[in-house]
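Got a predicted structure here, sequence first:
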Amino acid sequence: RALLLLSVCIVGQEGGATNYPAGEADKGMDPMKEIGAGTLAGIAQVAVGHPFDTVKVRLQCQRPNDIVFNGTLDCAQKTFRHEGIRGLYKGAWSPLVGAMFQNAAGFFFFASSKQIVRSCYRLEDAAKLDKAQTFIAAGLSACMALFVETPVDLLKVKMQSQIHGRSGQYRNVFHAGYKILQERGIPGLFQGFVSNGWRFVPGRAVYFSAYDSALGYLNGRSNSSRSSSPGESLKSSRPPPPPLYHCFLAGGFAGGVAWLSTYPFDVIRNRMQADAADPRLRKYRNMWHCAYEIAAQEGFHGYFKGLTVCLIRAIPVNACIFTTYTAAIRAME
């Protein structure tokens with residue numbers, strides 16, 4: 001149990017959403033470069049995005065009969081006033097310390113999924129996947145990564161949902177993992193697994209597809225304007241690597257689109273994971289009961305609580321992730 005707890009607590013990435021660019025890796029997989037670049041991208045994501053994620057989770061988890069925060073800005077101000085900067089980074093140790101491990105696993109899953117898709121379509125090993133194939137590979141990699149993402153997300157949400165001035169059950173993510181293992185065993189770490197799957201698998205597929213499409217569009221416009229010059233068409237047909245600002249713009253676009261596509265399931269997932277660890281004390285029997293209760297008590301608006309801060313976070317954070325990853329890969333070449 002101690003070894004399992006340590007592995008779960010150090011295998012983390014903020015927001016349950018590790019991000020892996022689809023273009024650079026097709027040039028050839030170097031495990032050490034992927035691990036190094038992924039680690040830097042993961043650290044950038046946690047450093048920039050975790051405070052926004054804490055505000056989002058707190059807004060999502062408060063109920064109509066127990067209102068503490070009156071919106072995004074109010075939640076951020078009260079959290080900082082009562083808990084300081086540490087309050088905004090609650091639950092961050094798991095994703096921060098485990099950035100290398102989770103990114104390494106994520107890159108491996110995505111690379112493996114792309115090879116599986118290439119085999120199914122009888123493509124060459126280094127062949128670039130089209131948009132539909134990228135969507136399939138990303139979804140398949142998410143199915144694999146879900147078994148890592150769910151325990152990490154659970155520990156993060158357990159900590160983030162503890163509000164200042166109320167009795168906190170857990171001191172930190174390590175204590176949360178220890179208590180859950182002690183009381184519920186390994187199955188306790190997979191609380192909210194099904195609802196997380198509904199959020200994570202299609203969200204990851206949309207994420208990669210949106211990034212690939214946006215980057216292709218930006219590069220296509222750039223290359224078409226460049227090829228209009230005399231003699232340019234006689235040069236090598238291999239397109240130049242995309243400039244980093246293209247990665248930045250495409251990453252921001254992908255982050256926003258991916259979150260919009262599955263956001264209601266993120267609200268349901270967070271409610272499910274913030275619920276009591278003991279099934280006998282839980283408010284929700286399953287994700288469908290949770291969805292019904294949200295609609296009955298809060299209406300359609302309840303499925304989009306915290307969306308504003310989520311998008312404020314998602315666009316710059318995902319832009320930084322892709323830019324950091326791509327810059328690191330190129331620096332190590």
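Thanks, I have it. Numbers count the residues shown, from 1 in each chain.

Surely Tyr325 touches Ala37?
Yes: at 5.0 Å, Tyr325 and Ala37 qualify as touching, with contact defined as Cβ atoms under 8 Å. Bear in mind the C-beta positions are built from the backbone N, C-alpha and C, glycine included.

quick one, which of those two is more surrounded?
Taking neighbours as other Cβ atoms under 10 Å, Tyr325 and Ala37 compare with Tyr325 leading, 29 against 26.

now the spatially closest residue to that one that is not a sequence neighbour: how far from Arg330?
Leaving aside its sequence neighbours, Tyr325 sits nearest to Ala41 (Cβ to Cβ, 6 or more residues apart in numbering; 4.0 Å). Between Ala41 and Arg330 the computed distance is 13 Å (Cβ to Cβ, to the nearest Å).

Which one's more surrounded, the two?
Under the criterion of other Cβ under 10 Å, the comparison of Ala41 against Arg330 puts Ala41 first, with 29 against 13.

Just the element for the more buried one, please.
helix 31-61 (DSSP states H and E).

Flag the shaky bits of the stretch 101-250 of the chain, pLDDT-wise.
Applying pLDDT under 70 to the stretch 101-250 of the chain flags the ranges 101-104, 106-107, 164-167, 222-239.

which stretches of it form strands?
Assigned by DSSP state E, counting those that start in this stretch, the stretch 101-250 of the chain shows no strands.

Run a quick neighbour tally on Ala76.
Per other Cβ under 10 Å, the neighbour tally for Ala76 reads 20.

whoops, I mixed them up, Ile35
Ile35: 17 surrounding residues under other Cβ under 10 Å.

Tell me the spacing between it and Thr323.
Ile35 sits 18 Å away from Thr323, going by Cβ to Cβ.

which parts of the helix holding Ala41 are buried?
33-46, 48-61 (16 or more other Cβ atoms under 10 Å).

same deal with stretch 310-327?
Neighbour-count burial for stretch 310-327, counted by 16+ other Cβ under 10 Å, picks out 310-326.

What lies in contact with it?
19-21, 24, 37-38, 40-42, 44-45, 48-49, 52-53, 56, 72, 211, 242, 244, 247-256, 258-260, 263, 266 (Cβ atoms under 8 Å, 6 or more residues apart in numbering).

surely Gln62 meets Phe69?
Yes: the criterion here is Cβ under 8 Å, and Gln62 meets it with Phe69 at 6.3 Å.

which residues touch Asp278?
For Asp278, the contact set (Cβ under 8 Å, 6+ apart) comprises 183-184.

and if we set it to 10 Å?
183-184, 188 (Cβ atoms under 10 Å, 6 or more residues apart in numbering).

so which of the residues you listed is the most crowded?
Busiest of the contacts of Asp278 [other Cβ under 10 Å] is Gly188, holding 18 neighbours.

Hmm, that one is touching Tyr178, no?
No: with contact defined as Cβ atoms under 10 Å, Gly188 does not count as touching Tyr178 (11.0 Å).

Burial check on Leu88, number of neighbours?
When counting by other Cβ under 10 Å, one arrives at 18 neighbours for Leu88.

List the backbone torsions phi and psi for it.
Dihedral angles of Leu88 (phi, psi; degrees, to the nearest 10) stand at phi -70, psi -20.

which non-adjacent residue is nearest it?
Pro51 (3.7 Å).

Kindly report the same for Gln297.
Nearest to Gln297 is Pro64, by Cβ to Cβ, 6+ apart, at 5.4 Å.

Against Gly299, how distant is the one you found?
Here Pro64 is placed at a distance of 10 Å from Gly299 (Cβ to Cβ).

Please apply the same query to Phe193.
Per Cβ to Cβ, Phe193 is found 27 Å from Gly299.

Distance from the helix or strand where Gln297 lies to the middle of the chain?
Under the criterion of DSSP H and E, Gln297 resides in helix 287-298. Centre-to-centre, helix 287-298 and its host chain are 24 Å apart (Cα atoms, centre = their mean, to the nearest Å).
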